[in-house]
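Student: need a 3D model of the following:
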Amino acid sequence: MATFRLTMAQALIRFLDAQYISINGEETKFFRGVMGIFGHGNVTGIGEALERSTGELILIQGKNEQGMVHAAVAYAKQKNRKQIFACTSSIGPGALNMVTAAATATVNRIPVLLLPGDNFASRQPDPVLQQLETANDYTISANDPFKAVSKYWDRITRPEQLMSAALQAMRVLTDPAETGAVTLAMPQDVQAEAYDYPDDFFVKRVHYVDRRPPAAEAVERAAKLIMDKKRPLLIAGGGVHYASAVHEVREFAEAFGIPVAETQAGKSALPWDHPLNVGAIGVTGTLAANLLAKEADVVIGVGTRFSDFTTASKSAFTNAKIQFVNINVNTLDTIKLGGTALTCDAKLGLKALCDALTKQGYRSSYEKNEIMDLKSMWNAEVDSLYSLDHREGLAQTRALGVIQETIDDNAVIVCAAGSLPGDLHRLWRSSEPKTYHMEYGFSCMGYEVSGAFGVALAEPEREVYAIVGDGSYLMLHSELITSLQEGRKITILLFNNHGYQCIHNLQRDHGSDGFGNEFRYRDRMSGRLTGSYMPIDFAAHARSLGAKAYKVFTAEELNVALNKAKQEQVTTLIEIPVVPGTNTNNYESWWSVGVPEVSVSEKVVKTYQEMKRKIQAAKLY
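Tutor: Purely as a prediction, here's the structure:
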């Protein structure tokens, strides 16, 4: 057998360059490249391997380890998990910076390969710089925290171990049901050690992702349950996009007159103006969807995790006869809410269930015009919020209305945290699939700018907008620099409301007077952060980094700036000061949060009693 004498790092890079994925006969090179920040622990190992590689993998130089992994996650999400990046870091702080983003990937079921540097396996230069010493277990390093947030974790302590570890990594990365973050801890000495690898380790390897068909008995059980129901509601989750099942959702809904509600990850599965699309569901849902959810007697969940925001903390469905049919490739999700499980690919599951119900002549029993009337009512509410004027300045919903009117229908918006995800879920009118990119599985602050860069890498022909609050922007905006470096323009729409106003609102809604959530100076008299707002010039900051920037105060100025931004060739930031508290509120929904059972504040005690009544009334599963 022919062999190649390579370092472990060189062998890894050559292996990654030869991996392909095939879905429905469409073959795609699985790894586009590596995102990395070099330091001791990876620069002379993986760094050297990338530098000397003759393959096709590109290197994207990250500016923050968490940020670059967010970008990689967004890239894979926008590509429907068909192509990904690996991410490499040094040991210690560099590795630990990736943990939050690893969790973001795993929670959202998005594949990303993490290659953090690790301590010396030989333990000779011990302890090495940045090494974490754990006195009771010397095998523990800064890479061990990845175990909690990875779908597969391994440490390569001998160069030949790479061969089995790499195949296990690919098994998980290409598994629609089990994918997420995969971590291969890379001791820095082992990266540089050589081994005679067999040549068949480096041949082109195609990973076939066969769609999992539903079991005939499962389809029969689901169809039988639905046949007895009059008010079905379909909830489209992110799995609809990953399975390329938007067409099947539409056909299924139209065949039986079933309204479709969308999760954050599922939004844009149907055009907003489709007669059966009733919009967002749950805590951040529309009035139309949440009213229908209350009376639904069966919910057909397709590719959804049924998070607490989707179910409004299990209070959204109040019909005493409510039952669930769960179509999902992941068994963890099919058993939720006591549902009838249809464990399969979303596209095949919908088609099989559609065929079964068609044969039995099924049709929902909604009253004539009932769904359309609810849609019309909600559309009027959105129009009103989009045109809302506020005497103190620009309202957040008004700014979103201007953005909606001005940017192109095929542009992609990216968001993740704060009050903006709620407003966008309820109000944003998506006309095309994959134009609404929301990370709300983990709702990770700081994802927005990095994520927008990742989307721009994935779809360079589209305009990409990061819609971000000032709190999230301050937390992580480093990949703005990378977007300039790579020539991948993004437009950052920065809503400046002077702090963490989403949590400020949540705080005050539950008995607080407001504490510690606004960007204010410390007041000398009270000793608290209740002084004047801190004047931060975000537009000037963006210009200092090399981006174009505008600052607007009115709807008219925002429209002008958006049109100018379209003409810019480089990353552009538009700072939009908005009046705090001008976001949308709940519509027939509720979210369970921990409220103190005892407090010196009567408002807090009263809120606890109200929360207790709601929890007792919620349908638990």
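Student: show me where the stretch 1-150 of the chain has helices.
Tutor: Using DSSP state H, counting those that start in this stretch, the helices assigned to the stretch 1-150 of the chain run over residues 8-16, 46-52, 65-78, 93-96, 99-107.
Student: nearest to residue 483 among those helices would be which one?
Tutor: For the helices of the stretch 1-150 of the chain, the distance to residue 483 is smallest for helix 65-78, at 9.0 Å, taking Cβ to Cβ. Any C-beta I mention is one placed from the backbone N, CA and C, and that applies to glycine too.
Student: next one, pLDDT for residue 517 please.
Tutor: At residue 517, the model reports a pLDDT of 89.
Student: strands of the stretch 501-621 of the chain, start to end?
Tutor: For the stretch 501-621 of the chain, the strands defined by DSSP state E, counting those that start in this stretch occupy 548-551, 572-577.
Student: sheet-wise, list the partners of the last one with their directions.
Tutor: Meaning strand 572-577. With DSSP bridges as the test, strand 572-577 is paired with strand 491-496 (parallel), strand 548-551 (parallel).
Student: what about the helices in the stretch 301-450 of the chain?
Tutor: Using DSSP H, counting those that start in this stretch, the helices assigned to the stretch 301-450 of the chain run over residues 308-311, 331-334, 346-359, 370-386, 396-406, 420-427, 447-458.
Student: and those helices, which is most packed in?
Tutor: Mean neighbours per residue, mean count of other Cβ atoms under 10 Å, is largest over the helices of the stretch 301-450 of the chain for helix 447-458, with a mean of 31.
Student: circling back to that earlier point, same list (the strands of the stretch 501-621 of the chain) but as JSON lines, adding distance to residue 492.
Tutor: Listed next are the strands of the stretch 501-621 of the chain as JSON lines, based on distance: least, Cβ to Cβ, whole Å:
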{"stretch": "strand 548-551", "distance to residue 492": "9"}
{"stretch": "strand 572-577", "distance to residue 492": "4"}
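Student: so which of the ones you listed gets nearest residue 312?
Tutor: That would be strand 572-577 among the strands of the stretch 501-621 of the chain, by Cβ to Cβ, at 29.6 Å.
Student: would you pull up how far that closest one lies from the middle of the chain?
Tutor: Centroid separation for strand 572-577 versus its chain: 23 Å, with Cα atoms, centre = their mean, to the nearest Å.
Student: pretty sure residue 388 contacts residue 395?
Tutor: Yes - counting by Cβ atoms under 8 Å, residue 388 touches residue 395, with 4.9 Å between them.
Student: anything in contact with each of these two?
Tutor: Counting by Cβ atoms under 8 Å, 6 or more residues apart in numbering, the shared contacts of residue 388 and residue 395 are residue 582.
Student: show me which of those two is the more surrounded one.
Tutor: residue 395 (22 against 15; other Cβ atoms under 10 Å).
Student: find the nearest non-adjacent residue to that one, please.
Tutor: Counting by Cβ to Cβ, 6 or more residues apart in numbering, residue 582 is the residue found nearest to residue 395 once chain neighbours are left out, at 3.8 Å.
Student: quick one, what contacts that neighbour?
Tutor: Listed by Cβ under 8 Å, 6+ apart, the contact partners of residue 582 are 388, 390, 395, 396, 397, 398.
Student: could I get the phi/psi values of it?
Tutor: Torsion angles at residue 582 (phi, psi; degrees, to the nearest 10) stand at phi -100, psi 30.
Student: ok, now how distant is it from residue 564?
Tutor: Remark: distance between residue 582 and residue 564 (Cβ to Cβ, to the nearest Å) = 25 Å.
Student: also residue 509?
Tutor: With Cβ to Cβ as the criterion, residue 509 and residue 564 are 38 Å apart.
Student: repeat for residue 332
Tutor: Residue 332 is 47 Å from residue 564, where distance means Cβ to Cβ.
Student: just residue 62 next, same as before
Tutor: 29 Å.
Student: how about residue 126?
Tutor: Taking Cβ to Cβ, one finds residue 126 at 57 Å from residue 564.
Student: just the pLDDT for residue 508.
Tutor: You'll see residue 508 listed with a pLDDT of 86.
Student: over to residue 619?
Tutor: Value for residue 619, per-residue pLDDT: 62.
Student: where are the low-confidence patches of this protein?
Tutor: Counting by pLDDT under 70, the ranges of the chain that qualify are 619-621.
Student: what's the distance between the residue nearest to the spatial centre of the chain and residue 109?
Tutor: Nearest to the mean C-alpha position of the chain, by Cα atoms, centre = their mean, lies residue 439 at 2.3 Å. Distance, residue 439 to residue 109, using Cβ to Cβ: 12 Å.
Student: okay, the strands paired with strand 572-577, which one's buried deepest?
Tutor: Most buried among those, counting by mean count of other Cβ under 10 Å: strand 491-496, with a mean of 26.
Student: any idea how far it is from the chain center?
Tutor: 19 Å.
Student: go on, stretch 281-301?
Tutor: The chain centroid and the centroid of stretch 281-301 are separated by 22 Å, computed with Cα atoms, centre = their mean.
Student: next one: phi and psi at residue 159?
Tutor: Backbone torsions for residue 159, taken as degrees, to the nearest 10, come to phi -60, psi -30.
Student: ok, now how distant is residue 152 from residue 343?
Tutor: 21 Å.
Student: helix/strand/coil for residue 268?
Tutor: With DSSP: H, G, I helix; E, B strand; the rest coil as the basis, residue 268 sits in coil.
Student: any idea how far the residue lying closest to it once chain neighbours are set aside is from residue 299?
Tutor: Among residues not flanking residue 268 along the chain, residue 430 sits closest, at 3.8 Å (Cβ to Cβ, 6+ apart). Distance from residue 430 to residue 299, counting by Cβ to Cβ: 22 Å.
Student: out of these two, which sits in the more crowded spot?
Tutor: residue 299 (27 against 23).
Student: packing partners for the host helix or strand of that one?
Tutor: Assigned by DSSP states H and E, residue 299 belongs to strand 298-302. Applying 3 or more Cβ pairs under 8 Å, 6 or more residues apart in numbering; DSSP states H and E, one finds that strand 298-302 contacts helix 216-227, strand 232-236, strand 323-328, helix 346-359.
Student: next, the angle from the shortest one to helix 216-227.
Tutor: Put plainly, it is strand 232-236. 130 degrees (axes from the mean of the first three to the mean of the last three Cα atoms, to 10 degrees).
Student: kindly export strand 232-236 (C-alpha atoms) in CSV.
Tutor: Output in CSV follows, covering the C-alpha atoms of strand 232-236 (Å, rounded to 0.1, in the frame of the first residue of the first chain):
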residue,chain,number,x,y,z
PRO,A,232,-55.3,21.8,12.0
LEU,A,233,-52.4,24.2,12.2
LEU,A,234,-49.0,23.5,10.5
ILE,A,235,-45.9,25.0,12.2
ALA,A,236,-42.9,25.3,9.8
